[in-house]
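>>> output the structure for:
(2 chains)
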Amino acid sequence: MEMVAVERGSQELLERVGSARSFDDVEDVGASFEALYRQRYRDVYRYSLLMLRSAEDAEDVTGEAFQRAYAAWRSGHRPAGQALPWLFLITRRLVIDRSRRRRLLSWLPLASLHPAREPAGEADTGRTEFWLWFDRFAEELPARQREVLILRYQRDLDDEHIGEILGISSSAVRSLVARACERLRRNPEIWR
Amino acid sequence: MNEKQTNVAAASDDEILGAVRRRLAGVEPLVPSPQAWRPDESRTDRAARTSIRTPARLGGLLSLGVIAALVVVIVGAGLGARNGSTGRATPVPGPLTTLVYELAPANGAQPTAADLDTTVQIISDRLATLGAAQLVVTAQPPNQVSISVPGAVDLVALRELVDQSGHLEFVLLPPETYGSYSQQYVPGATALPAVGDAIDPALPAQFTGDQLDPARSVAAKDTSLGQWVVGFAFKDAAAAEFATWTAAHVNDYFAIVLDGKVLEVPYVLNSIADGAGEIGGDFTEASAQRLATVLKYGQLPFPLQLVSTSVATPPPSADALASSIVTPTVATPSDLPSSGRTLGDPKAPVTLDVWVDFRCAACEEFQVTTMPQLISNYVRPGELKIAYHDFVVIDGNDGTTASRDAASAALCAADQGKFWAYQDWLLANQSPSEAPGAFSLDRLTELARRADVDMTSFDTCLKSGRHNADVLAESKQVPSSAVGVPSFFIDGAVAGVASSGSVSTYADLSAAIDAALAKAAAASPSTTPTAAPTLMIYVVTSADKSLADIAARFGVPLAQFEMANPLIENYNIILPGMTINIPPPGWLPTAAPPSQSDLP
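Predicted coordinates:
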């Protein structure tokens, strides 16, 4: 339920944040979006990967997020301010879609819904170690608190931007962070 | 236990968040670099929402890539084909393109002779990569360089190679102004320059292309990213400097700038110890190769400015010539008796003298519209012979000898008994505007080849100008009453005065021929036995309006006309090309008139 409400909020916000700015210079569109893509691809991917915990899903979602962003960009709906929160808004809706579909799928007796958790090869102990830690981190924290921390880690997004992405106020963001810290404080093995 | 819990409880939020942040940084190796941006234009948002994501969409992206690759291949093949045609054994066809560049004074300095030589050397080296063998770069003192390229040439690619000064710079984008990779949200930060933007000239360059090792600049495909990159490496001293500089600016953005335009805006991931790196960004294979070439051969001492571009077109090649020749649509029947330039039975009672200039458009019109009717109605029945004569007039308009040459060539063909076949080809391939170029010696030769003339003797004949004098002499003998070409005479009298005001039509000529025939029949009744009046055949032309018109023209009552043409159902509908029986005076339908299908 909570997810749905958040999504609706973010949709309104998407329209607000991405409110149309008129650009006459159509030629410029492709080039500068491409620059944005190159600059922000890894940020969007990282966020998708941490939210979905599957490299395959993250790749799909990132690709689709940029496709949608491009469609919006071309039709004149561009970020009024920073581009990154705008991209995250788009990405987040896709991430939610994806995890909801996954939840439906999980009722079916399907194996390996979390490809990222498959052993990544003996050599990649670093990767395995990261995912082991992240699983504990994700088990301990509720989805909202986890997401706030992931977004905080993203390129110094401030609370206001995080709030815009999540569709909540910046004080709500701060309270989520505080509650996350409270939980983590009780589980030192996660952050020590 | 208690003590530990106390310590834990004492940990500040910042401490915890900092630790989480460091832990989360462990994800970085798992985050790939972006692939080349390929927007899927065909996809709509709605479609994305309703369709479940499957590998099919990735397939769509892939196929876009394949299409792009195909386009490149096709374009490449096109270039290849064009280059291929320049490389044939035949003399270089196509235009000779000449570009003239000027060394523009820069920074208050004037280019010297040595600078000019250096520039020529660098441009030659750069252009050598184009693979155009006959390309010539020459210095034109005091300050110009000319580039001549024979054949079809990709001027865009050439100019991109030449126009770049090749001035490469590495420019730091100060973090206090532009932010850095680790601190993206600096309040009031200036947006990073995009690829292709002009760099802020106030920013100093930390390194320049002079400090690169020319031998180590190469274009290569980064297989992990699938992108083209240009590898570079600093020379020894600069490499150490570059290492120190990069160590001091980890996470800072810098711009790689070529001739003032931003190529790429990377950030320093960590110190680059060996002074080697890659320039990524927006490269295609071609543009990567171009940059590598420009870097390899160094920077031009002075920027170049294009002064002029000229294209000189040499005579068309043999291939172009051959393909420009058309086959005659109307050919003179080869089964008719002919001798030299006379067509028809030598014993025919009437001779039509035709004076032509092969460049004249009206002569061609006569050949196509009137001549076939004359042949089938008069020449074939043995009543008329047609003799051609040269009347060279158009040369006088433009001072060329094209008409004379054509006539001379026709006489050379006539020497072999091929006059009529050759004149068909001549008239079919004349210039509609009567331009002399249509009858250059090359074309005249090629036309002879097509007309099955024996080439050995024809070549000798034409090249030696054996008949030139004959042609000119004959042109002087034209009857003084001739008004132009073509002119028609029967027994020295002008025949078929143009009723239309331009060229004599078939009707004009046939009337004159009929009169001459009647006169000849009257003059020599003994030699020409009185035959039963026979039907004449008339071929309707587009100038004819109705059957009544035609009947009136031939002086035949319409009733008799209708009797002679029982197969024509509607006398109001006549179409060009229909054949009509013209009953001579006194004709009666005693014998069945020939059916139209029997007519030639």
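
>>> now the residue of chain B found nearest chain A: closest residue in space that isn't a chain neighbour?
Closest residue of chain B to chain A, C-beta to the nearest C-beta: residue B:34 (3.4 Å). Where you see a C-beta, it was placed from the backbone N, CA and C, and this is true even at glycine. Of all residues beyond its chain neighbours, the one nearest residue B:34 is residue A:41 (3.4 Å), with distances taken as C-beta to C-beta, 6 or more residues apart in numbering or on different chains.

>>> list the contacts of that neighbour.
A:62, A:66, B:33-34 (C-beta atoms under 8 Å, 6 or more residues apart in numbering or on different chains).

>>> show me the beta-bridge partners of residue B:339.
With DSSP bridges applied, residue B:339 shows beta-bridge pairing to residue B:342.

>>> report the separation between it and residue B:421.
Per C-beta to C-beta, to the nearest Å, residue B:339 is found 14 Å from residue B:421.

>>> quick revisit: from the contacts of residue A:41, which two are the most distant?
Within the contacts of residue A:41, A:66 and B:33 form the most distant pair, 13.9 Å apart (C-beta to C-beta).

>>> between those two, which one's more packed in?
More crowded of residue A:66 and residue B:33, by other C-beta atoms under 10 Å in any protein chain shown: residue A:66, with 26 against 13.

>>> the more buried one against residue A:42, yeah?
No: taking contacts as C-beta atoms under 8 Å, residue A:66 lies outside contact range of residue A:42: 12.0 Å.

>>> surely residue B:123 is within a strand?
No: per DSSP: H, G, I helix; E, B strand; the rest coil, residue B:123 lies outside any strand segment and is helix.

>>> report the contact partners of it.
Residues near residue B:123 by C-beta under 8 Å, 6+ apart: B:137, B:145, B:147, B:162, B:300.

>>> if we use 7 Å, what do you get?
Neighbouring residues of residue B:123 by C-beta atoms under 7 Å, 6 or more residues apart in numbering or on different chains: B:137, B:145, B:147, B:162.

>>> what's the helix or strand for the last one?
Per DSSP states H and E, residue B:162 falls inside helix B:155-163.

>>> quick one: contacts of that helix?
Contacts of helix B:155-163 (C-beta under 7 Å, 6+ apart): B:97, B:101, B:123, B:126-127, B:130, B:147, B:149, B:290, B:293, B:304.

>>> quick check: the two most widely separated of the residues you listed?
B:97 and B:293 (20.1 Å).

>>> between those two, which one's more packed in?
Using other C-beta under 10 Å, the more surrounded residue of residue B:97 and residue B:293 is residue B:293, with 23 against 19.

>>> spatially nearest residue to residue B:201 (excluding sequence neighbours)?
Leaving out its chain neighbours, the residue that sits closest to residue B:201 by C-beta to C-beta, 6+ apart is residue B:260, at 7.7 Å.

>>> number of residues surrounding that neighbour?
For residue B:260, the neighbour count with other C-beta under 10 Å is 12.

>>> one more: residue B:396?
Other residues within reach of residue B:396, judged by other C-beta under 10 Å, total 11.

>>> please give the element, helix or strand, for it.
helix B:395-398.

>>> contacts for that helix?
Here helix B:395-398 makes contact (C-beta under 7 Å, 6+ apart) with B:401-404, B:436.

>>> which SS class is the residue in chain A that chain B sits nearest to?
Nearest to chain B in chain A, going by C-beta to the nearest C-beta, is residue A:41, at a distance of 3.4 Å. With three-state DSSP as the basis, residue A:41 sits in helix.

>>> returning to what we had before: how much space separates the residue nearest to residue B:201 from residue A:92?
40 Å.

>>> what does residue B:425 give?
Distance from residue B:425 to residue A:92, by C-beta to C-beta: 78 Å.

>>> kindly report the same for residue B:196.
31 Å.

>>> between the two, which one's more packed in?
Neighbour comparison, residue B:196 and residue A:92: the larger count goes to residue A:92, with 24 against 14 (by other C-beta under 10 Å).

>>> hmm, the more buried one is touching residue A:165, no?
Yes: using C-beta atoms under 7 Å, residue A:92 is in contact with residue A:165, at 6.1 Å.

>>> shared neighbours, those two?
Here residue A:92 and residue A:165 share no contacting residue, scored by C-beta under 7 Å, 6+ apart.

>>> stretch B:449-457 spans what distance, first to last residue?
Taking C-alpha to C-alpha, to the nearest Å, the first and last residues of stretch B:449-457 lie 12 Å apart.

>>> ok, and what's touching it?
For stretch B:449-457, the surrounding residues in contact (C-beta under 7 Å, 6+ apart) are B:325, B:413, B:416, B:418, B:421-422, B:425, B:448.

>>> 8 Å instead?
Outside stretch B:449-457, the residues that touch it by C-beta under 8 Å, 6+ apart are B:325, B:327, B:412-413, B:415-416, B:418, B:421-422, B:424-425, B:445, B:448.

>>> next, format these as a markdown table and append pLDDT.
Shown next, in a markdown table, are these (pLDDT from 0 to 100):
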| residue | pLDDT |
| --- | --- |
| B:325 | 81 |
| B:327 | 83 |
| B:412 | 92 |
| B:413 | 92 |
| B:415 | 89 |
| B:416 | 89 |
| B:418 | 89 |
| B:421 | 90 |
| B:422 | 92 |
| B:424 | 90 |
| B:425 | 90 |
| B:445 | 89 |
| B:448 | 90 |
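
>>> now, of the residues you listed, which are buried?
Taking 16 or more other C-beta atoms under 10 Å in any protein chain shown as the criterion, what is buried in the contacts of stretch B:449-457 is B:412-413, B:415-416, B:418, B:421-422, B:424-425, B:445, B:448.

>>> could you tell me how many residues sit around residue B:555?
11.

>>> domain assignment for chain A?
For chain A, automatic domain parsing gives the domain ranges A:17-104, A:125-192.

>>> residue B:120 touches residue B:138, doesn't it?
Yes: counting by C-beta under 8 Å, residue B:138 is a contact partner of residue B:120 at 7.0 Å.

>>> so between those two, which is more surrounded?
The neighbour comparison of residue B:120 against residue B:138 (other C-beta under 10 Å) goes to residue B:120, with 17 against 12.

>>> that older thread, from the contacts of helix B:395-398, which has minimum pLDDT?
pLDDT across those is at its lowest for residue B:436, which sits at 78.

>>> so, low pLDDT: which residues of chain A?
A:1-31, A:102-127, A:155-156 (pLDDT under 70).

>>> switch the cut-off to 90
Filtered on pLDDT under 90, chain A yields the residue ranges A:1-43, A:46, A:49-60, A:64, A:67-90, A:92-171, A:174, A:177-192.
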